[in-house]
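Asker: Everything below, folded, please.
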Amino acid sequence: MAAGDTAPYAEHTHAAYPRLACCSGGVGSAVNTAWKRQDDYADVKESVVDVVAANVNPVIDSCDDMMLPKVNTLFDSEDEAYEFYNSYAEKVGFFVRRSTLWTTSKNIITRRTFVCSREGFREKKKGAKESKCPRPETRIGCPASMTIRLTANGKYRLTEFVPNHNHQLATASTIHMLKAKKIRRKARAVRENLVDDTVVTPEFKNEDEAYEFYSMYAGKLGFNVRRASMTVNAENVITRRMFVCSKEGFREKKRGANRVKKPRPETRTGCPACMVIRLASNGKYNVTEFVTCHNHGLGAAAASDLVMKSLTEIYQDYRVGLVDKSPDDSTGKQSLIEDHATSSCLEARSWRRHKRKVPHYGDVGASLEYLQKMQHDSPSFFYAIKSDEDGNLTNFLWADSKSIMDFAHFGDVVCLDSGYALQGYGRPVALFTGLNHHKQTVIFGTALLYDDSFEAFRWLFDTFKLAMNGIFPRTLLTDRSPVISEAVATTHRYCVWQIYQNALQQLSHAFHGSRNLQCNFKRCLFNCDDEAEFLMAWREMLANYDLEDNQWLADLFALKEKWALPYGRDTFCADMKSVQQKDNLSSELKIHLSLERDLLSFFVQFERLLCDRRSAELQADVSASQSTKKPPSMRILKQAADIYTPAAYKMFESEFELYMDCMLYNCGEMGTICDYRITVEDNPKDHFVKFDSLDSMSRCSCKGFEFVGIPCRHMLKVLDTRNIKNLPPQYVLKRWRKDAKSGSSNGGYEYPFDGDPQLAQTKGHNLLCRIFSIAAARAATSVESFAYMENQLSTLMGQVEQFLENRPPDMAAIIGANCDRTQNMVTEGLHSHTNFVNASADDSLTFTFTLSAGTLDYR
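Answerer: Next up is the predicted model:
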């Protein structure tokens, strides 16, 4: 083919295909300039020059404009680009192969080149002997290719396209002879003719959820389901999956099958019924093909109206977990094919599988062994177990006495981190965490949640409240989940740190496509305290990185009042966000939550983690009480340094330094209330402070004090203007003081005298055990306090005995009988709520264990 033959096409497509110039000099020029090979391939290259190059112009002219690759075309994924180039290749008459790629450290593909199957040359292996019947040479250095690159918005852009080939292409009369093309076209043609576009299908979170849905649909109609072909990307994420009828395809004929005396009956009939799902840009799976036609008899009626009705009803049943099992239902009367399992059994099994996870082998036994041992070693150890209606143990919650004591001091803000299972850590561990006065993460309670339904989370929160002596936190931070939101009965916000962790998965391609996007997203989450600043930063992020169509970000923004910092400033959060960015438990627990390790090793590591963190807290207490730093010269700073812990003082000092730049304007007075306007030179927004001279209390429009618990710069400016040089006591929260853990440890809980005397005695026994356990933990920190506690014990016991002797005989009898019963019967020590076994609305059981006099045996 002469150079002049390709020149018109090169001129016609040069704007769309910038790399075409490399092929405009003819085949010999293209091969000799684009492909440099070793001398071993000299013979191959000489033969390539003699090959007649293909003229793709007629084929391209007959193609739809949407099928032609063009520079700057965008694709949602690398697989989508591959499918697009495949469709173009089938129309033109060649096959496609994935070639070179560039990836990040997290295996995110940033660049990929797709080539013609005849690209390159076959490599000659060292020491390979010449074969008597060598394979024909198929690779001849074809230059045709298409290259895509990852952009900042997470999509792939077509950057280079070379259309010319140096070989003949398959024609319309020969393309069907190609094996892969023939198989793919046959299956696709059958499905395209049978796809029912009128069927409305839901969106699925994962591939297993789609399988459960199609299994329930199959159970209604009377056939079995099988997982068929799938497509995965470089990260082993399924991007396409096909579910088929169990009678799809045909049995492969094996060698020697004719010699079998009693062959198995043929069960596959080539049934075309299937459901195909594809991974969408929002991380969920959409149904792209749904074939309802079967070529065999079903176990139930399969009329078209039944199919439509079943899909709607099944999806409703699938979501609520209620499947109609009425004997009058025609779909429930007949059995399924082959395995004779009823449709109701299949539906019930599918719902249970969706509703809860199955504990790994040995996890239940390991959990019981650990919990019983901990309670035997420490009577104040609390744990509770939830079982389902079948008696299977599904959820576990536990907390030791130190965790309960920490909650009494720092339980105003609690974060529930339940994302360990979602992030692929193996076991569904959930942690109740908070911050102490040193801004260190403390663990209040731990749970294993194999059941993550609404009832399970309601049980979790009620049981956690029970473990913490009936007190629930002022603020609860959780993951963004509608099930959790519905189960929470207190002030509730979404944790920005967990939102960021989810974004690392949902926006992984976008983050790797641009280095600045991740910084801008973190700024919107953690650094924008003003509403106007937040909205502007969010809009700029969407516009700069072409993310306006990202559904995950759109859904997140719709709930901004539940997580964004400018909203809900009245909710106390204790600066949890800044601590979580520096200190999170995920990396420390990830390895030990793997299913490859037994659960007991996780418990050992968990105890070591608790010990290390509590040791760090003790070291911080010592450092705070024995600080050798030079005290500040300013009076209010010196007072703050004496009261606050070093971590809290650092926050106060930062606000104090910023107040120097504030300018104050008096806006008038009304009675004891004075209004002030505070401005900062480089900040266009003003803040307003109301000061009450009656109690010296200020309220600022920035809500910094309500949100973090440290006086903001605007309040400090007003105090300075009013010549108040000492920090008023109402400005100092006890949770940030050095003596935050001093004082009464019972949290103000009152002894329950009213009601059932036996129940009141049991509750009082539990409460006193926890109080004395906390006192023992405090006394054990020094030799002097331990000796004092030991000396006072005999005196205290004598006073208690004297008090009991002076009580009326009837009350003493009741107390004595119940005390003996508590010591001799394990179950009496387990009544920490109302009963030893609590029944819930879903017929499940809750076993609450605390302060037992012995161990439990489950053998």
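Asker: so who does Thr478 touch?
Answerer: Residues in contact with Thr478 (Cβ atoms under 8 Å, 6 or more residues apart in numbering) are Cys415, Leu416, Ser418, Ile484, Ser485, Val488, His492, Tyr494, Cys495, Gln498. Where you see a C-beta, it was placed from the backbone N, CA and C, and this is true even at glycine.
Asker: Against Gln375, how distant is Lys284?
Answerer: Per Cβ to Cβ, to the nearest Å, Lys284 is found 43 Å from Gln375.
Asker: quick one, which of those two is more surrounded?
Answerer: Just comparing Lys284 and Gln375: by other Cβ atoms under 10 Å the higher neighbour count belongs to Gln375, 23 against 17.
Asker: Thought Tyr383 was touching that one, still the case?
Answerer: Yes. Between Gln375 and Tyr383 a contact is recorded at 6.7 Å, counting by Cβ atoms under 8 Å.
Asker: in the stretch 101-250 of the chain, which spans are strands?
Answerer: Secondary structure of the stretch 101-250 of the chain (DSSP state E, counting those that start in this stretch): strands at 109-116, 145-150, 156-162, 225-232, 238-245.
Asker: tell me the most buried of these?
Answerer: strand 145-150 (a mean of 23; mean count of other Cβ atoms under 10 Å).
Asker: partners of it, with directions?
Answerer: Partner strands and pairing direction for strand 145-150 (DSSP bridges) are strand 109-116 (antiparallel), strand 156-162 (antiparallel).
Asker: For these, give me a markdown table that also has mean pLDDT.
Answerer: Below are these laid out as a markdown table (pLDDT from 0 to 100):
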| stretch | mean pLDDT |
| --- | --- |
| strand 109-116 | 92 |
| strand 156-162 | 92 |
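Asker: picking that back up, can you tell me which of the strands of the stretch 101-250 of the chain comes nearest to Phe472?
Answerer: Phe472 sits nearest to strand 238-245 of all the strands of the stretch 101-250 of the chain, at 40.4 Å, using Cβ to Cβ.
Asker: gap between Ala408 and Lys717?
Answerer: For Ala408 relative to Lys717 (Cβ to Cβ), the value is 35 Å.
Asker: My guess is Gln501 contacts Gly419. True?
Answerer: Yes. With contact defined as Cβ under 8 Å, Gln501 and Gly419 form a contacting pair (6.3 Å).
Asker: For those two, indicate the residue with more neighbours.
Answerer: Higher neighbour count among Gln501 and Gly419: Gly419, with 22 against 18, using other Cβ under 10 Å.
Asker: Need the three-state assignment for the more buried one.
Answerer: coil (DSSP: H, G, I helix; E, B strand; the rest coil).
Asker: From Ser654, how far off is it?
Answerer: In terms of Cβ to Cβ, Gly419 sits 31 Å off from Ser654.
Asker: One more: Asp76?
Answerer: Distance of Asp76 to Ser654, computed by Cβ to Cβ: 44 Å.
Asker: Could you check which of the two is surrounded by more residues?
Answerer: Neighbour comparison, Asp76 and Ser654: the larger count goes to Asp76, with 15 against 11 (by other Cβ under 10 Å).
Asker: Just give the nearest non-adjacent residue to the more buried one, would you?
Answerer: Ser281 (4.9 Å; Cβ to Cβ, 6 or more residues apart in numbering).
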